[in-house]
Each structure stands twice: as structure tokens, then as C-alpha cells.
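>>> Provided below for reference: sequence and predicted model.
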Amino acid sequence: MDSQKEALQRIISTLANKNEELHNFMETLSHSLAGVQVNSTQVVSDLEEEFDTLFAVLVEMKESMTNTIKQEGAKKTQELQHQLTQSGSALKSAEELLKFANNALDMKDEDEFTKAAKQIKDRVTMAPAFRLTMKPKATDNMNHLMVDFTQERQLLQNLKFLPVPRAPEMEVGDCLVSDNTVSVAWKMPVEDSKIDHYILEYRKTDHEGLPRIKDEHCWEVVDNIKTTEYSLSGLKFDSKFMNFRVRACNKAAAGEYSDPVTLETRAFNFGFDSSSAHLNLKVEDGSVEWDPQGGKGLENKVKGKENKGSAHLTNLKNMSSGTPSPKRTSTTRSPAIRGGRDRFTGESYTVLGDTSMDCGQHYWEVKALKDCKSYSVGVSYRNLGKFDQLGKTNTTWCIHINTWLQTSFSAKHNNKAKSLDGAAPDRIGVFCDLDSGQLSFYNAETKQLIHTFKAKFSQPVVPAFMVWCGGLSLSTGMQVPSAVKSFQKTENGLGGSNSSLNSMAQ
């Protein structure tokens with residue numbers, strides 16, 4: 001009966017997954033159908049615009065060439081008309097001179113004849129007919145303005161749609177996710193020497209498998225990639241997966257997208273749990289800061305209640321006014337004020353992470369803000385008491401940095417402390433391996449091991465922090481660095497050197 005239920009449950013799960021795939025596929029088809037209509041209308045509009053532009057160019061060229069012919073005709077007409085007018089005037093003058101010469105032949109008086117002959121000779125010398133060029137300045141030939149658009153017609157007849165590159169193929173085996181960097185690679189199905197560049201698109205998603213049309217994240221674009229591979233570094237992995245697709249572009253157009261590939265980008269993401277924070281801690285996105293005024297309102301209320309009580313408690317309040325130092329706040333507190341979160345000890349300015357860990361490997365980094373005087377970084381069980389200090393109980397593990405009065409750098413657990421060599425790094429990496437029972441701290445920049453706790457965690461743990469006179473910034477969504485993985489494989493922590501702090505947590 002139980003085995004049949006299990007088999008049926010597997011069938012139900014398979015059917016549910018298949019139904020979800022079909023819904024996603026149908027949404028994709030519907031989106032594509034709508035896209036075909038929209039895109040078809042758009043390309044027709046683009047085509048009409050291109051032809052209208054081409055027609056406009058032809059009309060413009062026709063008008064320009066027609067004007068050239070008209071101007072040439074007008075020029076020739078003007079020149080020939082001018083020559084014709086000059087010739088007419090010369091002809092008239094020559095006819096008058098001819099008539100005068102004929103009349104001179106009939107003269108009987110010798111003196112008159114001599115005078116007339118001399119006038120005729122002078123007039124002939126100056127006659128326009130003998131000074132006029134008898135060659136036309138222009139011809140009636142207009143063949144130099146003829147056209148032959150045979151080649152252009154052939155070009156127009158050979159108009160085609162743009163040559164579009166084929167869709168690239170993603171090389172899934174060469175895609176790599178490591179150290180919060182994603183490297184993707186692809187190839188063209190056939191060699192294409194006209195490819196100018198590639199466009200890579202990616203987006204985050206929490207859905208495995210093919211990308212969904214309706215997703216909470218938008219595609220981001222990386223343009224002008226000249227090679228068939230690309231790496232995105234410095235990513236925050238705050239989603240389970242990332243989708244990638246690529247398209248090739250030549251000088252004319254962009255081709256189809258490749259089939260998308262989905263890569264897993266799981267990492268440990270968490271924030272500060274403000275409900276667990278001391279009143280003097282100001283929690284914001286990715287940071288926590290110590291605020292000496294944070295609990296002032298509640299403190300005044302407590303003072304009001306105390307004034308109704310014994311004079312002894314009032315005197316005790318007056319003696320402990322102001323922000324207590326870590327050493328002063330370790331003194332015994334009055335039972336009347338133990339319930340208030342504003343009465344933590346100095347090292348109890350704590351805040352926990354909002355996400356617990358019960359298995360697997362996890363990594364995050366913490367950076368102290370400028371002039372932070374005291375802080376701790378580690379893990380704790382959820383049941384951390386309001387007055388518990390990190391490292392002072394058997395359910396908390398941390399490293400502690402103090403620069404107030406006396407500098408110290410130590411690893412703490414179960415009220416035991418071990419001084420650590422060297423100076424505290426600016427940025428600390430925390431590696432929690434619950435499967436093998438190890439909590440390691442690294443220099444986040446150099447990945448040099450600082451300290452390792454060994455513990456069999458019997459409960460889920462949460463990141464834990466303490467800060468006084470300063471602040472901390474938090475970086476999550478990080479994979480376990482490959483350098484840390486390699487170290488964990490080859491080394492067994494610090495072994496015996498940490499034996500005094502190793503524990504069997506209860």
C-alpha cells in the first residue's frame with residue numbers, strides 16, 4: 001500500500017511538472033503568435049518606408065536630371081539665337097553696302113565715283129559680315145544627356161531581404177559558474193565571415209528549465225561582443241538560476257536568438273533579522289551600525305518605573321548612565337531591567353541572520369566600517385539569549401576583533417578564547433560546512449585561512465554578529481570560492497591547533 005502511494009505520488013509530481021511545462025510552452029506559443037502579427041505589421045511598415053525613400057530618391061534624381069537637360073537646352077538656344085540675331089544684322093548691313101556699290105558703278109562723275117569707291121572699301125573693311133564667325137557656337141546634339149538605366153533596373157529587380165545570420169549554438173559543456181562569475185560560450189552552426197559582433201542577453205530566475213515568457217526579471221543586454229565567449233563577473237547570486245541567450249549580428253541585421261541555456265546559480269542569501277537586533281543597533285539593507293541613541297526612549301520608560309521603586313535602584317541607574325563600555329556592561333544587572341533589550345552587555349550588541357542553515361556549504365563576507373572599535377562574526381543557534389555574548393556559550397562560535405583601548409584578535413567558543421596571529425583583515429570570509437562540521441574564517445581578499453572550528457552542529461545555525469562603536473557591511477549571495485574549496489579538500493582545518501575550541505555542540 002505504501003509503495004503504491006509513493007509510486008502514485010511520483011506520478012502526480014511528474015504530471016504536475018509536465019503540466020507546468022505545457023503551460024509555459026503554451027504561453028510561449030501565444031507570445032510568439034502575437035509577436036508574429038506585431039512584427040509582420042512592423043516589417044511591412046519598414047518596407048513601405050524604404051520604398052517610399054527609394055521612390056523619393058528616384059523622383060529627386062528625375063527632377064535634377066530634367067533640370068540639367070532644360071538648362072542645357074536653354075543655354076544652346078540662347079547662344080544660337082544670339083548668333084542668328086548677329087547674322088541677321090550683318091546680312092542687312094551687307095545688303096545695304098551691296099546696293100550702294102551697285103549704284104556707285106552707274107556714277108558718271110569721276111570725283112563722286114572715287115569718293116564712293118573709297119567709302120565702299122572702308123565700309124567693307126569694317127562690315128559685320130566679314131567680322132562674324134560663321135561657325136555655330138552650339139549644336140543641336142543632346143546625346144550627351146541620354147541615360148541608360150539597364151544596370152540600375154537589374155539592381156532594382158534583384159532587391160532582396162537583408163542577409164540575416166543564423167542563430168548561434170550555446171556550448172553548454174563550456175559554460176562555467178564559479179566564484180560568482182558566469183562564463184558562457186557559443187559557436188555558429190556554419191562559418192560566417194560576415195559576422196561583426198554578438199549580443200548576449202541574460203536574466204535571473206528561480207525557475208529551472210526553459211525561460212518563461214512571464215518572469216519577474218527582465219533580460220539584461222551585453223552588446224558588441226567580438227568573440228564567441230563572455231564572462232560576467234562580480235555577480236550577486238540572489239536567484240536559483242540564470243538564463244542566457246545570444247544572437248549574431250552582421251553589418252546589416254541581427255539574427256535569431258540561440259536556444260537559451262539555464263545555469264544554476266544557487267548561493268546563500270540572507271539579511272539581518274531586525275527583530276533579533278539590540279535596540280542600539282540600526283539595521284539597514286546589507287549593513288548594521290551601532291547607535292548609542294537607539295534605546296533611549298525605552299530607557300526613559302524604564303527609568304520612570306525605577307523611580308517608583310527603591311532608592312537603591314535609582315542610585316544604581318545614576319552610577320551607570322551613558323553608553324557603557326564593554327567591560328563595564330559585564331557587571332551584574334538589576335533584575336528590574338533584565339527584560340529590556342537596551343540592557344545588553346557590551347558584547348551583547350548582537351543581531352542574527354534571518355535565514356538558518358541545517359546542511360550544505362555556505363559562504364558570506366563581512367567588512368567592518370571605518371573606525372569600528374569592536375565586533376564579532378560567527379554563527380549561533382536560534383536560541384541565543386538576549387544577554388548571551390557571542391563565543392561565551394556552547395552554542396555560539398565566532399572570531400572577535402577589538403581595537404578599543406587594547407587591540408585583540410581571537411577565536412571564541414564556550415567561554416574560551418584563542419588569540420590569533422597577525423592583524424585582522426579588512427574583510428572576513430565565513431565558510432560554514434554543516435555536512436563536515438566545520439566553521440572557517442578567511443581573509444576575504446587573499447583567501448588565507450584565519451581559523452577553523454570543528455563542531456557537530458545538532459541544530460540549524462544562523463549567522464551571528466556583534467558590533468559596538470561602529471558598523472558592519474554584509475555581502476551575501478556568494479558561492480563558496482574555489483580557493484576555499486581547494487583548501488578544504490587538501491587540509492583538515494587547523495587540526496590540533498584548534499583542539500581547545502573544538503566542540504560537540506548540544
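Ah, there it is.

>>> ok, the residue nearest to Leu474 when sequence neighbours are not counted to Thr85 distance?
Using Cβ to Cβ, 6 or more residues apart in numbering and skipping residues adjacent in sequence, the residue nearest Leu474 is Gly286, 5.1 Å away. Just so you know, the C-beta spots here come from the backbone N, C-alpha and C atoms, and that holds for glycine as well. Gly286 is 96 Å from Thr85, where distance means Cβ to Cβ, to the nearest Å.

>>> before we move on, back to that, can you count the residues close to the residue nearest to Leu474?
Each residue near Gly286 was counted by other Cβ atoms under 10 Å, and the total is 12.

>>> Please apply the same query to the one 3 residues further on.
Other residues within reach of Glu289, judged by other Cβ under 10 Å, total 18.

>>> Name the SS class of it, please.
Three-state call for Glu289 (DSSP: H, G, I helix; E, B strand; the rest coil): strand.

>>> Run through the bridge partners of it.
Beta-bridge partners for Glu289, by DSSP bridges, are Lys282, Gly471.

>>> cool, and Lys454?
Under DSSP bridges, the beta-bridge partners of Lys454 are Gln438.

>>> My read is that it contacts Gly437, right?
Yes: using Cβ atoms under 8 Å, Lys454 makes contact with Gly437 at a distance of 5.9 Å.

>>> Can you pick out the residue with more neighbours from the two?
Comparing Lys454 with Gly437 by other Cβ under 10 Å, the one with more neighbours is Lys454, at 20 against 17.

>>> can you tell me how far the more buried one sits from Gln361?
Separation of Lys454 from Gln361 (Cβ to Cβ): 15 Å.

>>> same check, this time on Thr227
Thr227 sits 33 Å away from Gln361, going by Cβ to Cβ.

>>> what's the span of stretch 350-359 from first residue to last?
Taking Cα to Cα, to the nearest Å, stretch 350-359 runs 24 Å from one end to the other.

>>> swap in stretch 413-427?
Counting by Cα to Cα, you get 21 Å between the two ends of stretch 413-427.

>>> Same check on stretch 142-162?
Start and end residues of stretch 142-162 are separated by 40 Å (Cα to Cα).

>>> Stretch 246-256 now?
Start-to-end span of stretch 246-256 (Cα to Cα) is 8 Å.

>>> buried ones in it?
Buried residues in stretch 246-256, counted by 16 or more other Cβ atoms under 10 Å: Val246, Arg247, Ala248, Cys249, Asn250, Ala254, Gly255.

>>> same deal with stretch 68-81?
Neighbour-count burial for stretch 68-81 flags Lys76 (criterion: 16+ other Cβ under 10 Å).

>>> Which parts of the stretch 151-300 of the chain are strands?
Shown for the stretch 151-300 of the chain, the strands assigned by DSSP state E, counting those that start in this stretch span residues 169-170, 176-178, 181-187, 197-205, 220-225, 229-232, 241-249, 254-257, 261-264, 272-273, 281-284, 287-290.

>>> Need the residues that contact the last one.
Contacting residues not belonging to strand 287-290 are listed as 272, 277, 280-282, 349, 351, 369, 465, 467-474 [Cβ atoms under 8 Å, 6 or more residues apart in numbering].

>>> Check the fifth one too.
Under the criterion Cβ under 8 Å, 6+ apart, residues His197, Tyr198, Ile199, Leu200, Glu201, Tyr202, Arg203, Tyr230, Leu232 lie in contact with strand 220-225.

>>> Between all of those, which two are at the greatest distance?
Farthest pair in those (Cβ to Cβ) is His197 and Arg203. Separation: 20.6 Å.

>>> higher neighbour count, these two?
Each of His197 and Arg203 has its neighbours counted (other Cβ under 10 Å); Arg203 has more, 18 against 14.

>>> Just list whatever residues bridge to the more buried one.
For Arg203, the beta-bridge partners are Asn243 (DSSP bridges).

>>> Give me the distance between it and Val222.
12 Å.

>>> Kindly report the same for Asn415.
Taken as Cβ to Cβ, the span from Asn415 to Val222 is 53 Å.

>>> what's the answer for Phe409, then?
From Phe409 across to Val222, the span is 42 Å (Cβ to Cβ).

>>> same thing with Lys160?
Lys160 is 31 Å from Val222, where distance means Cβ to Cβ.

>>> Ok, Asp52 next?
Distance of Asp52 to Val222, given as Cβ to Cβ: 35 Å.

>>> since we're on Met142, how many residues are nearby?
Residues lying near Met142 (other Cβ under 10 Å) number 11.

>>> do Phe244 as well
Quick note: Phe244 (other Cβ under 10 Å) scores 23 neighbours.

>>> circling back to that earlier point, what is the nearest of the buried residues of stretch 246-256 to Lys115?
Asn250 (93.9 Å).

>>> roughly how far apart are that closest one and Lys76?
Separation of Asn250 from Lys76 (Cβ to Cβ): 50 Å.

>>> Kindly report the same for Lys92.
As judged by Cβ to Cβ, Lys92 and Lys76 stand 25 Å apart.

>>> can you check Ser3 too?
For Ser3 relative to Lys76 (Cβ to Cβ), the value is 107 Å.

>>> Please apply the same query to Met142.
For Met142, the distance to Lys76 equals 8 Å [Cβ to Cβ].

>>> Can you pull the residues that touch both of these two?
Contact criterion Cβ under 8 Å, 6+ apart; residues shared by Met142 and Lys76: none found.

>>> burial measure for Gly360, as a count.
So Gly360, with other Cβ under 10 Å, has 12 neighbours.

>>> now Val182
Around Val182 there are 20 other residues, counting by other Cβ under 10 Å.

>>> For it, which residues are in contact?
Cys175, Leu176, Tyr202, Ser231, Leu232, Leu235, Met242, Phe244, Leu263, Thr265.

>>> how about low-confidence regions in the stretch 251-400 of the chain?
Within the stretch 251-400 of the chain, the stretches with pLDDT under 70 are 295-347.

>>> can you pull out the helices in it?
Using DSSP state H, counting those that start in this stretch, the helices of the stretch 251-400 of the chain run over 296-307, 311-319.

>>> The stretch 101-250 of the chain now?
110-126, 128-131, 150-157.

>>> Which positions in the second one come out as buried?
This means helix 128-131. Buried positions in helix 128-131, judged by neighbour count with 16+ other Cβ under 10 Å: Ala129.

>>> what's the answer for the longest one, then?
Of the residues in helix 110-126, those buried under the neighbour-count criterion (16+ other Cβ under 10 Å) are Ala116, Ile120.
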